[in-house]
Every structure is written in structure tokens, then in C-alpha cells.
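Asks: Next input, structure requested:
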Amino acid sequence: MIYDATNCTLGEGPLWHPERKELFWFDILGKRLHRKGQHWRFDTYVSAAGWVDRDRLIIASARDLFLFNVEIGETERSLCPLEANNPVTRSNDGRADRQGGFWIGTMGIKAEPGAGAIWRYYRGELRKLYSDITISNAICFAPDGATAYFTDTPTRQIMRVTLDADGWPTGTPEVHIDLTSERLNPDGAVVDAAGNLWNAQWGASRVACYDPVGKFQKAVGFDGLQTSCPAFGGDDLTTLFCTTAAEGLTGDAEGRTYAATGHGPGQAEHKVIL
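Replies: Below is the predicted model of the structure:
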């Protein structure tokens, strides 16, 4: 069903705030942050968020990470630059890890090959983890906090990497899910409480569920063709939300934000530690 009919040119970054019991999401190309019945407009691209406390979100933009107060609707302060001197790139997919860090991927505004990177912000430090990324996506984490997942969408491979006790990657990423033979395009993803990975697949009108070893389990269909990112929410975390994008398409189903009940349950989104 449609959760919110607001049209998003490029819907992304849904975040269920566990204290406010509200869903927030972005329209990257529209430069807006949404919640049901309200939106805030910014002067640059914004794409992903994590929750810091009841009223404040950490938000990734094309030039920095900043604190935004949703209660008063104002930016509090910039936390650090994010490729601020690179006019080619913007932020894209991001999510908080179990240790309180915030991962954020960047990409070329025109999807320039290899222009992006994946970064992690942790206790005031921003560190580049991976470079030569074309379209950063699928950043999410196993329930025990010991594994991170991510993709560079054109590769059609979702990777996994082991994390240390502080949440920093150790070793070399390995292929977790390979979608090349199916010609599916992995976009945003989230992991549920059982360790299953739920991946929105751009151009396929679905979110697909894979078990902890990467085996396909099922797919949940949505009316929007360009499914971009899922999130679990609701009081029992069994509602699967999904953003979509209207970019390049026409029709009433495109660019809406959807909800499907009876899935998961998901993990509560983790708090970002500044």
C-alpha cells in the first residue's frame, strides 16, 4: 500500500526513529527531508540520516555531515566536511552501525564511474573506508554488529566485511550476494533481527530477502518500478517501508513511499554517537 503519496524524484534513506515512532525519508534530487505530512527543503542534496536523540538527526549532504533538529526544523551545526571540495560528488546511501558509527556513501552527481567512496563517522572522526565507488548502496549491518554489507550497484554484487569491536572493517570485503546472472541492480538494504538482508532492487519493483548466508528467500513487490531503499518500522518493527523514484518515469505509482505489513521483524535503528 502507499504509505505517503508525496512524489519523490529520487526517494531514498528511509529511517524509522525508534523513540519518535516516525518515518523520515529523503528526496535527494528534490533536496528535501520528509516525514508524513511535512517536509523540509535544503540548499543542497541530502540523502541519508541516523538518529542521535529524540529530536536530532545526523544528516549527510553533498558537502558535509550536520545535525538537524526535527522538533524546531532547524540545522544546529555542521559536524564535518564530506567531500566538500569535490563538486562532482554528492552523498547517497547511509546507515548507523551497532557501535554508534554512521556509514555514508558518495557518488558522482551524474554517476561518474569511480567518483564516489564509502566513509564512516565515529565519535567525531570521519574516515574513508573504500574508494573508486560508482553508486554506493546497500549499507547495513548484521544484528551482532560483527559484519557490514555494502554494494557498488553497477557491480551487481553485495559485499560483506568483518568489523572489529569498535565497528571498523578488518580484512578484505568478500562477495555475499551475486546478482549478475539475474541482471538485478542492488540498491538500498536493511538487515532484520534474524540476520536476513532485505535489498531494494532498482528497476524490479521489489525488495528481495536473502538469508544470513546470502540465499534468496522471497521478494516483496511494490507498485513503484524504481525501488530504492527499505526500512523496518511500526510499533513491532514488522512493517517494511520502501522508497521509490520517479526520475525518468511517468505514472501515479512512481516516486511514492510504500509500506507492506507482516515482514521482519527488523532491528531497531541504532543510535549515532557523536
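Asks: Share the number of residues neighbouring residue 264, please.
Replies: 21 (other Cβ atoms under 10 Å). C-beta: built from backbone N, CA, C; applies to glycine.
Asks: and if you look at residue 8?
Replies: With other Cβ under 10 Å as criterion, residue 8 counts 27.
Asks: how close does it sit to residue 79?
Replies: 25 Å (Cβ to Cβ, to the nearest Å).
Asks: Could you pull out the buried residues of stretch 122-130?
Replies: 122, 126, 129, 130 (16 or more other Cβ atoms under 10 Å).
Asks: Identify the bridge partners of the residue nearest to the third one when sequence neighbours are not counted.
Replies: Right, the one you point to is residue 129. Setting aside the residues directly before and after it, residue 129 is nearest to residue 118 in space (Cβ to Cβ, 6 or more residues apart in numbering), at 4.9 Å. Legend: beta-bridge partners of residue 118 under DSSP bridges are residue 105, residue 130.
Asks: what sits against residue 118?
Replies: Contacts for residue 118 (Cβ atoms under 8 Å, 6 or more residues apart in numbering) come out as 103, 104, 105, 106, 128, 129, 130, 133, 136, 139, 150.
Asks: Pick out the most distant pair among the residues you listed.
Replies: For those, with distances taken as Cβ to Cβ, the pair at the greatest spread is 128 and 139 (14.1 Å).
Asks: Now do the strands in the stretch 51-200 of the chain.
Replies: 56-61, 64-69, 74-81, 89-96, 102-108, 116-122, 125-133, 136-141, 147-152, 157-163, 169-178, 185-191, 197-202 (DSSP state E, counting those that start in this stretch).
Asks: Partner strands of the last one, with direction?
Replies: Take DSSP bridges as the rule and strand 197-202 pairs in its sheet with strand 185-191 (antiparallel), strand 206-210 (antiparallel).
Asks: Next: the first one.
Replies: Under the criterion DSSP bridges, strand 56-61 sits next to strand 46-51 (antiparallel), strand 64-69 (antiparallel) in its sheet.
Asks: Show me what the first one is in contact with.
Replies: Put plainly, it is strand 46-51. Outside strand 46-51, the residues within contact range by Cβ under 8 Å, 6+ apart are 12-13, 15, 17-19, 24, 26, 28, 31-33, 57-62, 68, 90-96, 102, 104, 269-272.
Asks: what pLDDT, on average, does it get?
Replies: Mean pLDDT, computed over strand 46-51, is 98.
Asks: Likewise for the last one?
Replies: Averaged across strand 64-69, the pLDDT comes to 98.
Asks: Need the residues that contact that strand.
Replies: 33, 40, 49, 52, 55-59, 74-82, 84, 102, 104, 121, 126.
Asks: Done for today, thanks.
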